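[1] Would you be able to build a 3D model of this:
(3 chains)
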Amino acid sequence: MPTAENPLVRVQGLKMHFPIYAGLLRRRAGEVKAVDGVSFDIMQGETLGLVGESGCGKSTVGRTLLRLYDPTAGSVVIDGEDIATLSPEALRKKRPTMQMVFQDPQASLNPRMTLATIIAEPLDEHTDWNAEKKLARVHELMDQVGLNRAFASRYPHEFSGGQRQRIGIARALALNPKFIVCDEPIAALDVSIQAQVVNLLEDLQDRLGLTYLFISHDLSMVRHIADRVAVMYLGQIAELSPRDALYSRPLHPYAQALLSAVPEPDPARESSRKRIILQGDVPSPANPPQGCNFCTRCPRVFDRCRIDEPQLAEVEPGRFVACHLYSDNQTGGQTAGTEANEPTNKENVQ
Amino acid sequence: MFTYTLRRLLLAVPILLVISLVIFLLVDLAPGSPMSEIPLTVPPDVRQKMIEALGADQPVFVRYLLWLKQFFWIEPMTLFDHWFGTSIVEGQQRILSWQSRSPVFTIIGQRIPQTLTVVGTAYLVGILIALPIGIYSAYRQYSFFDQLGTLFAMIGFSVPTFFSGTLFIIIFAVWLGWLPTKYDTMLEVTDWSSFMQQVKQMALPVMTLGLANAATISRYMRSSMLDNMQMDYVRTARAKGMREKTVVLRHVLRNSLIPVVTVIALGIPSIFGGAIITENLFGVNGIGAALIGAIHANDLPMVQTLAFIFAVLIVLFNLIADILYGLLDPRIRYD
Amino acid sequence: MKLKTLLLGAAAAFALAPAAHAERGADGEVKLTFPQAVSIMNPYLTGGTKDIYASSLVLEPLAGLTPEGVLVPKLVTEIPTKENGGVSEDMTSITWKLLPDLKWSDGTPVTADDAVFTWKYCTDPAGGCSQATKYEGVASVEAVDPSTIKVTFSGPKANPYTAFVSALSPVLQKKQFEACLGAAAPTCTDPNNMPVGTGPFMVTGFTVNDTVSLAANPNYRDPAKPAFATAVIKGGGDAEGSARAVMETGEFDYAWNTQIPPETQESMKAAGKGQFVVAFGTLVERIEMNTTDPDPALPEGERATAKHPHPILSDIKVRTALSKAIDRSILVEVGYGAGGKPTCNVIPGPEGWASDNEGCIAQDMEGAKALLDEAGWTDSDSDGIRDKDGKKLHILYQTTVNPIRQDFQALIKDWWTELGVEVELKAIDPGVFFGGDPGSPDTFQKFYADVEMYANNSESPDPESYLGQYQCKNAPSPETQWQGENINRFCTPEYDALYATLATTTDIAARQDIAKKLNDMVTKDSMIVVPLVHRGTLSAHSNTLGGVQINAWDSEMWNAADWFRVK
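    Okay, the predicted model is just below:
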């Protein structure tokens, strides 16, 4: 079992660069630095939220974590093994411990397979169970995610969006994983369905002791489900803080700007909320700016930002920020997330 | 599905009738005369008599109605008589080719085997070559193999069969002397040596046509594979920890085959249609050669009947492709 | 094969002696290939040479023609002449004597009734017989006795050797075709495809427009022949493919009609497997001059009729100049190679019938220019095109779509342009051009152009009927639904009068003399017809096939019984 010193997931210096081929002979002309040096830990039973605007590389982090992409550099230690360097066969054997719930439940289910086959397929591959036992497991999983057993022989297109996402979750659960990457699992769903799915995920976490990386651009939903939250900008983590601390007092200028966009449920606070409007566009990840990634848009930018690249450093206990504003009184370069946060009780979203 | 099929079939009847009339008028209005291949030494009055003997001097609608009767009543009944020994339409005139005075359906019957063996084999060979190329090219997109496959497809697309066929003849028949250039339609496969002879004489036309077929289908296969490889459910399958073989064959390939199967099914009428140039080049003398010969000789009954049969086949295989699509893809349902 | 020989019976036994060195069927298979596949084996229901040649292996006439154009007996004892009494003094009848013990391939005897039936078959008005001209002027055919056939003509017939002569007019077996008279003729599929004959081979398998399989006729009159046990005619493809199959790959022994470009001929010869042979008949590629005005401004019905003489080409000087400007040797070199030779005659053969007219062979550009100057066509406005009375010397030159003809058009256009003539070219689909549809403006008969180019030939060595084309009465016009062979609308009383004497002249030398004069009248005297190239039929045969004697007057397979394998 991982302990506080030994987290379930430890990511260090993860880089995922996609090559760009161009020209007549399709020579390598450069690369898209989708993820460029990301480090964090996730504790057993914890939910880490990963937020950022679209294109910031958060989905790539999720996929690279499970080695759906081969990372360019860095290590991903899950449950004691470095995923990034496992041989293909060992990786395949490792797969049952780590699963993923995808954004688009329609697209992520093979249209030519029935619900039962979709859920049972990993069982075919990783167990030697007989058909009866597999079917029993399928039914059990369907019960767990709240799907009627009678639907087992239907095809994905016959279900609603929310039901499909339940299938996706059931499938992810089939092999009793420890760690699940939820890649925007609710983004494609109706708002009314979103809460159901999130509650289901929370229920399952409580019951099965799951660890989540919850990727979303929906800051309210992340606030609801995550214990700690990492804010990503242009392939790097800008700030990694406990949820409440981040939401009440974001440190990184980008986190401040991002969170200022979240509407407050309390009308009094909502009226006093100041939106920080960022100027300019996100630079291309193929050609990130020198110095701080955020220096082109940062409202508090100063000279050093355009020269030195800030390192993610613990500026307050449990709070890690990559910003020169905070680097004077701190020594950088330390790995984040050494504290162990027990998951707090979270109220259900209605 | 059954009602859908039935409805489509019923709908096909008026469509085909209109098509048959259009074909008839087109062929009839096209310039030229069935006598244009007769030498100039035959005087006009003899020509006129010959035209009358063919019935080609009748008004167009009379000939059309006669053709309809012959096609839909006399010909099927002739077959019926032949099978059951009855004599329902005995002595009634069948559709006769103006060129050879033989019943058109007898000629078609003689030619279908050649066309199906040669063009059909070429189609099959084309598919068998194309699928692995398409699959592997997509799986290793932009690899050396993929570039090679693209080059192969480009050659297959852009080099006309009369050129590639002649090239093959010069290489394999003239220089190397391995293969015959003329297809012997009378060859009967009875033993090993005649079988080898059949294989040899099929080699050149099958190669020529197979190249062209493989080029098209491999491209379809490749692009369909590429489409599906990007799909989330493929990533899901990988995340499930499925073996690469399972991912590619079970998830990607099965879904990619749906459009390819449709394309293949829609291409089947063209097998029956033969390959005009290739058949001519190698003396296969199948349906394609019959059609072009009939067109040259203004053999209206032959052209009309063949064109109409192609129309029927195209309508039929469109329906089959649609039904196949429904069977293969659970998302598509006809009511 | 020995057994077969023995079975031939006593009658044939004594005939065996002189030919004892050969044996029927000893040489295996002979393979022929035709670029156009055989459609039917009955020459009376087809106009296609391919069909007629193929059927000549099976069906035979009473008499055939040698490569020299001389009559040779086939099913008869001798050629009937006035001298031997076979042709009546008044030229109104001819009597043929069948060979004794002649048998069809099915073993039944050949009788005079078969010939009588054949005549009835082809002359039945509902039958659409394509060789009806062969029986023109025949009043009756009767069987005097089982082996004597008497053909009576409706009047004196100068050339009585039309009916039952050459591959175009073979004898059919009455028994087989009895039910196929008149309207039933086309529906008799089996007899039409597998006729019973007297020739060296008989049909054993027939697939329309594809393959004819043949085997040696067990009842052939010469028990030692044919040397080949089987024969096959494979059709389809193109001339080049056929030639290649003989000359380069050696798959076939004989390829008929391998008309390919001269340079390809050379490269194929280099393979050393076979040789090309050329049958020079009477086929002449020519330019025909329109004597009537095809101006589209004229009302339909008067356009291109004798009512309006041609404004430019009516002048013989212009016609002559156009002919002089052409270098026929270059045309041959470019288009036909060994398969053609320059000619100035409409009747280029056979020897004896051809005029010695060779004046047009050498190109004479200066002479041509001088003639046009003389005719008043000068380039008064120096634009390179001659004119006269404000009218440009403009010519519309049409022919069919055909690569060689388009080469010819381009060459001739160059020469005529050099001459100061503005030439407009037009190429028409052969199906339309030769289709004879009165509704189409593009048929060669309608001739809505100034000059047109095509090839034509006499179907028999005796050109009587061929020369008949240029009579006044044969001009196509609206009144004749644009039918008629005199497409130039050439019309002189002298020609008609001289032609009339041909029909009554029986002496061969005199006939030849008249034919030469008629030939000269339409060519060098009037320049109405401008012959370009005497075209042969180029065929190829393998070096291992012996006995081939190319023949332009009869089927090329006329002596297939004598073919053998060179060992």
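
[2] switch to C-alpha atoms for all contacts and neighbour counts from now on
    Fine.

[3] what's next to stretch C:415-425, contact-wise?
    C:322, C:325-326, C:365, C:368-369, C:379, C:384-386, C:392-398, C:409, C:413 (CA atoms under 8 Å, 6 or more residues apart in numbering or on different chains).

[4] Buried members of those residues into PyMOL, please.
    The following PyMOL line selects those of the contacts of stretch C:415-425 that are buried, judged by 16 or more other CA atoms under 10 Å in any protein chain shown:
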select buried, chain C and resi 322+325+326+365+368+369+379+385+386+392+393+394+395+397+398+409+413
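
[5] among the contacts of stretch C:415-425, which are in reach of chain A?
    With CA under 8 Å from any CA of the partner chain as the criterion, those include none near chain A.

[6] Identify those among the contacts of stretch C:415-425 that sit within helices.
    C:322, C:365, C:368-369, C:409, C:413 (DSSP state H).

[7] The residue nearest to B:Phe145 when sequence neighbours are not counted: helix or strand, and which one exactly?
    Using CA to CA, 6 or more residues apart in numbering or on different chains and skipping the chain neighbours, the partner closest in space to B:Phe145 is B:Ser137 (6.4 Å). Assigned by DSSP states H and E, B:Ser137 belongs to helix B:121-139.

[8] Name the residues of that helix that come out as buried.
    Here helix B:121-139 shows B:121-127, B:129-131, B:133-139 as buried, counting by 16+ other CA under 10 Å.

[9] Just give me how far it sits from the chain centre.
    Put simply, helix B:121-139 sits 19 Å off its chain's centre (CA atoms, centre = their mean, to the nearest Å).

[10] what comes into contact with it?
    In contact with helix B:121-139 (CA under 8 Å, 6+ apart) are residues B:143, B:145-147, B:149, B:205-207, B:209-215, B:217-223, B:225-226, B:229, B:253, B:271.

[11] packing partners for the helix or strand harbouring B:Val261?
    If you go by DSSP H and E, B:Val261 is part of helix B:254-272. Helix B:254-272 sits against helix B:104-115, helix B:192-229, helix B:300-328, with contacts defined as 3 or more CA pairs under 8 Å, 6 or more residues apart in numbering or on different chains; DSSP states H and E.

[12] What lies in contact with it?
    Taking CA under 8 Å, 6+ apart as the rule, helix B:254-272 contacts A:112, B:112, B:115-116, B:119-120, B:123, B:217, B:220-221, B:224-225, B:227-228, B:287, B:310, B:313-314, B:317-318, B:320-322, B:324-325, B:328-329.

[13] So which of the helices and strands packed on helix B:254-272 is the most surrounded?
    helix B:192-229 (a mean of 21; mean count of other CA atoms under 10 Å in any protein chain shown).

[14] So which elements touch it?
    Going by 3+ CA pairs under 8 Å, 6+ apart, helix B:192-229 lies up against helix B:121-139, helix B:144-158, helix B:161-168, helix B:254-272, helix B:276-282.

[15] how close does the closest residue to chain C within the stretch 51-200 of chain A sit to B:Tyr325?
    Proximity of the stretch 51-200 of chain A to chain C (CA to the nearest CA) peaks at A:Arg112, 48.2 Å away. According to CA to CA, to the nearest Å, A:Arg112 stands 12 Å off from B:Tyr325.

[16] What's the local residue count around residue 272?
    I'll assume chain A. A:Ser272: 9 surrounding residues under other CA atoms under 10 Å in any protein chain shown.

[17] ah, I was thinking of chain C
    Neighbours of C:Gly272 under the rule other CA under 10 Å: 13.

[18] and what of the one 10 residues further on?
    The burial count assigned to C:Thr282 is 26, neighbours taken as other CA under 10 Å.

[19] and it, what does it touch?
    C:346-350, C:456-458, C:461, C:534-535.

[20] If you drop the residues flanking it in sequence, what lies closest to it?
    Once flanking residues are discounted, C:Thr282 sits nearest to C:Asn457: 5.0 Å by CA to CA, 6+ apart.

[21] from what I can see the one you found touches C:Phe280, true?
    No: the criterion here is CA atoms under 8 Å, and C:Asn457 misses it with C:Phe280 at 10.7 Å.

[22] Wait, a strand at C:Ser314?
    No: looking at C:Ser314 with DSSP: H, G, I helix; E, B strand; the rest coil, it is coil, so not inside a strand.

[23] Now do the same contact list for it.
    C:291-292.

[24] and it, how far is that from chain B?
    26 Å (CA to the nearest CA, to the nearest Å).

[25] now that residue: how far from C:Ala306?
    Here the criterion is CA to CA. By it, C:Ser314 lies 11 Å from C:Ala306.

[26] that older thread, any idea how far the helix holding B:Val261 is from the chain center?
    13 Å.

[27] Could you give the average pLDDT over that helix?
    Averaged over helix B:254-272, pLDDT sits at 85.

[28] follow-up on the earlier one: the residue of the stretch 51-200 of chain A closest to chain C - how many residues pack around it?
    A:Arg112 has 19 nearby residues by other CA under 10 Å.

[29] and B:His251, what does it touch?
    Residues counted as contacts of B:His251 (CA under 8 Å, 6+ apart) are A:110, B:233-234, B:237.

[30] at 7 Å what do you get?
    Neighbouring residues of B:His251 by CA atoms under 7 Å, 6 or more residues apart in numbering or on different chains: A:110, B:234.

[31] per-residue confidence for whichever residue of chain A sits closest to chain B?
    Closest to chain B within chain A is A:Ser108: 3.7 Å, counting by CA to the nearest CA. Reported pLDDT at A:Ser108 in the predicted model: 84.

[32] how close does it sit to A:Met232?
    Going from A:Ser108 to A:Met232 by CA to CA gives 25 Å.

[33] In terms of neighbours, single out the busier of those two.
    When neighbours are counted by other CA under 10 Å, A:Ser108 and A:Met232 differ, and A:Met232 comes out ahead with 25 against 21.

[34] Could you check which helix or strand contains the more buried one?
    Assigned by DSSP H and E, A:Met232 falls in strand A:228-233.

[35] likewise C:Val232?
    Going by DSSP H and E, C:Val232 is part of strand C:230-235.

[36] which residues touch that strand?
    In contact with strand C:230-235 (CA under 7 Å, 6+ apart) are residues B:283, C:28-38, C:209-216.

[37] What residues does chain A have near chain B?
    A:68, A:92, A:95-96, A:99-100, A:107-110, A:112, A:122, A:125, A:157 (CA under 7 Å from any CA of the partner chain).

[38] ranges for the strands of the stretch 51-200 of chain A?
    For the stretch 51-200 of chain A, the strands defined by DSSP state E, counting those that start in this stretch cover A:73-78, A:81-82, A:98-101, A:179-183.

[39] Save those as JSON lines, and put in mean neighbour count and mean pLDDT too.
    Converted to JSON lines, those look like this (neighbours: other CA atoms under 10 Å in any protein chain shown; pLDDT from 0 to 100):
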{"stretch": "strand A:73-78", "mean neighbour count": "21", "mean pLDDT": "90"}
{"stretch": "strand A:81-82", "mean neighbour count": "16", "mean pLDDT": "88"}
{"stretch": "strand A:98-101", "mean neighbour count": "26", "mean pLDDT": "88"}
{"stretch": "strand A:179-183", "mean neighbour count": "25", "mean pLDDT": "91"}
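
[40] of all of chain B, which residue lies closest to chain A?
    Counting by CA to the nearest CA, chain B gets nearest chain A through B:Tyr233, at 3.7 Å.

[41] okay, now that residue: neighbour count?
    By other CA under 10 Å, 24 other residues sit near B:Tyr233.

[42] which residues sit against the helix or strand containing it?
    For B:Tyr233, the host element (DSSP H and E) is helix B:232-239. Helix B:232-239 is contacted from outside by A:68, A:95, A:99-100, A:107-110, B:247, B:251-252, using CA under 7 Å, 6+ apart.
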